[in-house]
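Undergrad: model the structure of this input:
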Amino acid sequence: MSKREFLTTDEVVTRYRGLISYGTLCNWRSLDQGPAYLKAGKIVLYPTDSLKEWEDKNMKIKTKTKAGKDGRGMESNT
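TA: From the prediction side, this is the model:
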């Protein structure tokens, strides 16, 4: 039986390199959105396996790009 690992809210912010802020995680919890979490009293913990599931569910993969005249995906004005 493997030991389940948890991250604090600050550790989740670090995991996503600050792209998801502490405030955003708090807002998502109040709206019942975002990754699954466990709340024990005042402590909020995010199971790492649930974070991975949330990442997989929300991953967007761009499969086809539409290049413009300049080859970078944009029309050139020059």
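Undergrad: show me where the protein dips below the pLDDT cut-off.
TA: Low-confidence regions of the chain, defined by pLDDT under 70, span residues 1, 65-78.
Undergrad: now do the helices in it.
TA: 9-15, 22-30, 48-58 (DSSP state H).
Undergrad: residue contacts, the nearest residue to residue 22 once chain neighbours are set aside?
TA: Counting by CB to CB, 6 or more residues apart in numbering, residue 22 lies nearest to residue 13, which is 5.4 Å off, once chain neighbours are set aside. Quick note: C-beta positions are derived from backbone N, CA and C, even for glycine. By CB atoms under 8 Å, 6 or more residues apart in numbering, the contact list for residue 13 reads 20-22, 25.
Undergrad: and these as a markdown table, adding distance to residue 44 and neighbour count?
TA: As requested, the contacts of residue 13 are exported to a markdown table (distance: CB to CB, whole Å; neighbours: other CB atoms under 10 Å):
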| residue | distance to residue 44 | neighbour count |
| --- | --- | --- |
| 20 | 14 | 16 |
| 21 | 14 | 12 |
| 22 | 10 | 12 |
| 25 | 8 | 21 |
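Undergrad: any idea how far residue 22 is from residue 62?
TA: Between residue 22 and residue 62 the distance, using CB to CB, to the nearest Å, works out to 29 Å.
Undergrad: likewise residue 39?
TA: Applying CB to CB, the value for residue 39 to residue 62 is 35 Å.
Undergrad: of the two, which one has the most company?
TA: Under the criterion of other CB atoms under 10 Å, the comparison of residue 39 against residue 62 puts residue 39 first, with 9 against 5.
Undergrad: please name the residues that touch that one.
TA: Taking CB under 8 Å, 6+ apart as the contact definition, residue 39 lies against 29, 45.
Undergrad: kindly report the same for residue 2.
TA: Counting by CB under 8 Å, 6+ apart, residue 2 touches no other residue.
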